[in-house]
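Peer 1: here is the input, now give the coordinates:
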Amino acid sequence: MKKTVIQKLKAFLIIVLVFCMTDFILSCKKKNQTEAIEAPQEIAEDKNDEETFYSPAEDDASWVEALLARVEEERIAEELASMEESLSEYQLEEEAQNEEVAFEDPTSENQPEENPAEEISPIEKFFEEAKEGRTLTGKNKQMSFFEFDNEILSPQQTDKGLVVVHSTDGNINRIFYDLNYKMVKKEEWSIKSAADAKLLKTEDFIYSTESNKVIQKDISTTSDFETILYNDNSSPVSAKKYALADEKKYIVMERKWDYDDKNQLITDDKKEYLYKNNDYKNTAEVLSKRYEYIYYDLAELEEGEESENSEDGKNEIPPDSKYYENNVLKMQNKYTAEKGSWYTWIYFDDIFSVKTYYEKEVRVYDEYYNAGKLMRKKVYDKMD
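Peer 2: Got it, this is the predicted structure:
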């Protein structure tokens with residue numbers, strides 16, 4: 001009897017095991033079939049997402065014009081920055097602008113009392129700022145050498161005036177003053193050793209006999225020569241630069257500046273002469289650049305606008321400007337009475353142009369023109 005019960009129990013367990021295995025196999029097949037059906041759907045959904053992201057039929061290539069506009073705007077901005085930066089190179093140094101440098105003769109026995117109100121010379125200012133250093137003196141207690149930190153200053157009195165040698169971090173300048181202590185020449189040297197000394201550049205200053213101010217500066221190097229003329233306000237009015245080759249001078253640059261009655265720059269005209277392969281015997285290709293400036297008149301501002309946009313009568317609104325290349329207008333900036341508001345108009349050719357508006361120094365929208373006709377407008381999100 002007991003044996004019969006055990007046999008029945010074994011048979012029941014076998015049936016249960018077979019049932020479980022069958023159910024497991026059926027479940028796996030169903031899962032595989034479901035995955036096989038869902039996979040094409042997922043691929044289709046991905047494909048739909050891609051078509052939503054980019055549709056060739058809806059691409060009108062408008063992004064190309066916007067990209068070109070930004071590239072051209074950056075290029076012209078760099079040109080303007082380069083012109084403005086190079087203008088500062090033509091400004092006269094403080095020593096040359098002074099009618100007479102107030103430098104006391106170290107050999108004089110009766111030195112006048114110091115007057116704090118008088119303007120001190122650049123050399124005296126150097127000693128005043130240095131405060132301390134190593135000083136060597138020669139006969140009659142006349143200073144012959146001064147050293148402070150990494151700077152060296154050595155004055156030499158001659159029958160024609162004063163010669164000062166100033167060295168800083170290996171950059172060596174030799175400055176010549178006449179008997180009235182006006183700077184008449186400046187030399188830049190590269191001295192690596194006693195056997196390796198080179199004169200890099202020489203600047204000669206010519207003064208007006210009437211105003212006693214610099215009216216001309218000549219710059220000479222081993223490869224080029226440049227002459228610059230100045231007005232009564234010590235601002236540059238013209239410059240010509242030549243390349244030196246075969247013992248001849250070849251024009252490579254001409255520049256002219258015009259000013260209004262307040263000595264504000266109104267035109268900056270530059271011509272570059274480009275020689276193919278630096279062969280000066282060939283005819284040069286001329287590239288001209290010109291900036292024109294129109295200054296905002298404070299008198300035209302309303303009372304409220306004037307108090308908001310100016311401080312102590314100083315106009316904070318930049319001048320309107322136009323930029324030309326080879327006499328073709330490439331860009332113009334037009335400002336309004338409200339500070340930070342203006343538009344920039346960039347011209348690619350006679351047909352395509354882009355006009356960009358700014359408010360509170362933030363770009364608000366672009367207008368795209370074709371042959372003078374407004375074709376499209378792009379509005380930017382305003383920042384809070």
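
Peer 1: all helices for the chain, in order.
Peer 2: Along the chain, counting by DSSP state H, helices occupy 2-53, 62-89, 94-97, 122-130, 303-309.

Peer 1: among those, which gets the worst mean confidence?
Peer 2: When the helices of the chain are ranked by mean pLDDT, helix 303-309 comes last with a mean of 47.

Peer 1: what's the domain layout of this structure?
Peer 2: 62-91+235-384, 94-104+120-228 (automatic domain parsing).

Peer 1: rebuild the ones you listed as TSV, extending it with mean neighbour count.
Peer 2: From N, CA and C alone the C-beta is placed, and that goes for glycine too. Formatted as TSV, the domains of the chain follow (neighbours: other Cβ atoms under 10 Å):
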stretch	mean neighbour count
domain 62-91+235-384	14
domain 94-104+120-228	14
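
Peer 1: among those domains, which gets the worst mean confidence?
Peer 2: Mean pLDDT per stretch puts domain 94-104+120-228 lowest among these, at a mean of 75.

Peer 1: show me the contacts for Glu72.
Peer 2: Glu72 sits next to Ile346, Phe348 when contact means Cβ atoms under 8 Å, 6 or more residues apart in numbering.

Peer 1: Asp178 too?
Peer 2: Contacts for Asp178 (Cβ under 8 Å, 6+ apart) come out as Lys160, Gly161, Val184.

Peer 1: Thr202 versus that one, what's the distance?
Peer 2: Remark: distance between Asp178 and Thr202 (Cβ to Cβ, to the nearest Å) = 16 Å.

Peer 1: quick check: closest non-adjacent residue to Ile351.
Peer 2: Of all residues not flanking Ile351 in the chain, Ala371 sits nearest, at 5.2 Å (Cβ to Cβ, 6 or more residues apart in numbering).

Peer 1: test my guess that Leu265 contacts Ile294.
Peer 2: No - with contacts counted by Cβ atoms under 8 Å, Leu265 stays clear of Ile294, the gap being 11.3 Å.

Peer 1: identify the contacts common to those two.
Peer 2: Going by Cβ under 8 Å, 6+ apart, no residue sits against Leu265 while also sitting against Ile294.

Peer 1: tell me which of the contacts of Asp178 fall in strands.
Peer 2: Those of those mapping onto strands are Gly161, Val184, per DSSP state E.

Peer 1: now render the contacts of Asp178 as TSV, adding distance to Gln91.
Peer 2: Converted to TSV, those look like this (distance: Cβ to Cβ, whole Å):
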residue	distance to Gln91
Lys160	27
Gly161	24
Val184	18
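
Peer 1: CA atoms only: put stretch 239-250 into PDB for me.
Peer 2: Output of stretch 239-250 as PDB, limited to C-alpha atoms (Å, rounded to 0.1, in the frame of the first residue of the first chain):
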ATOM      1  CA  ALA A 239      52.000 109.300 -43.600                       C
ATOM      2  CA  LYS A 240      53.900 107.700 -46.400                       C
ATOM      3  CA  LYS A 241      55.800 104.400 -46.000                       C
ATOM      4  CA  TYR A 242      58.400 103.100 -48.500                       C
ATOM      5  CA  ALA A 243      60.200  99.700 -48.900                       C
ATOM      6  CA  LEU A 244      63.900  99.900 -49.300                       C
ATOM      7  CA  ALA A 245      65.300  97.700 -52.100                       C
ATOM      8  CA  ASP A 246      68.100  97.900 -54.500                       C
ATOM      9  CA  GLU A 247      69.100 101.300 -53.000                       C
ATOM     10  CA  LYS A 248      65.600 102.700 -54.000                       C
ATOM     11  CA  LYS A 249      62.400 103.600 -52.300                       C
ATOM     12  CA  TYR A 250      59.100 102.000 -53.300                       C
END
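
Peer 1: for that stretch, which outside residues touch it?
Peer 2: For stretch 239-250, contacts defined as Cβ under 8 Å, 6+ apart pick out 90, 222-229, 251-256, 273, 275, 280.

Peer 1: if we go to 7 Å?
Peer 2: With contacts defined as Cβ atoms under 7 Å, 6 or more residues apart in numbering, stretch 239-250 is touched by 90, 223-228, 251-255, 280.
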